[in-house]
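Peer 1: Kindly return the folded structure for what I paste below:
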Amino acid sequence: MDKNKRSIDVMIDTIINALKLYSPTLPFDKTVQGRITEVLTDNFYNVQINDGVFTIPSLSDMTYMVNENVWVTIIQNDNKNKVISGRRKK
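Peer 2: Sure, this is the predicted structure:
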């Protein structure tokens with residue numbers, strides 16, 4: 001039993017290490033929290049995400065206000081391809 005547990009632990013560690021190595025570049029959508037810092041024109045907003053501010057379009061026709069919390073979807077893990085996907089409730 002102890003030998004089987006060690007084998008399973010090694011397999012789990014290998015999978016976790018592979019995910020840590022490859023997940024930043026995998027092409028999947030990722031959703032993060034943001035805050036509107038400025039309302040621009042044509043459905044575009046400046047949104048603070050962590051320590052950066054990005055100009056991002058809204059996915060819908062919803063309007064947002066400054067300091068409103070939103071969800072931002074990063075499409076296919078490409079930081080240049082972001083959209084506001086909706087309001088975030090506190």
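
Peer 1: Mind jotting down where the helices sit in the chain?
Peer 2: With DSSP state H as the criterion, the chain has helices at 2-22.

Peer 1: in the lowest-mean-pLDDT helix or strand in it, what counts as buried?
Peer 2: Ranked by mean pLDDT, DSSP states H and E, the helix or strand of the chain with the weakest confidence is helix 2-22, at a mean of 90. When burial is assessed from 16 or more other CB atoms under 10 Å, helix 2-22 yields no buried residues. All C-beta spots, glycine's among them, are computed from the backbone N, C-alpha and C.

Peer 1: Give me the contact list for it.
Peer 2: Outside helix 2-22, no residue is within contact range by CB atoms under 8 Å, 6 or more residues apart in numbering.

Peer 1: Show me how far it is from its chain's centre.
Peer 2: Relative to the centre of its chain, helix 2-22 is centred 26 Å away, using CA atoms, centre = their mean, to the nearest Å.

Peer 1: Not counting sequence-adjacent ones, nearest residue to Lys30?
Peer 2: Leaving aside its chain neighbours, Lys30 sits nearest to Ile74 (4.6 Å; criterion: CB to CB, 6 or more residues apart in numbering).

Peer 1: what's near enough to touch that neighbour?
Peer 2: Per CB under 8 Å, 6+ apart, neighbours of Ile74: 29-32, 81-82.

Peer 1: which of these are buried?
Peer 2: Buried members of the contacts of Ile74, scored by 16+ other CB under 10 Å, are 30, 82.

Peer 1: Can you tell me which of the contacts of Ile74 comes closest to Tyr64?
Peer 2: Checking the contacts of Ile74 against Tyr64 with CB to CB, the nearest one is Lys82 at 14.3 Å.

Peer 1: Brilliant, that's me finished.
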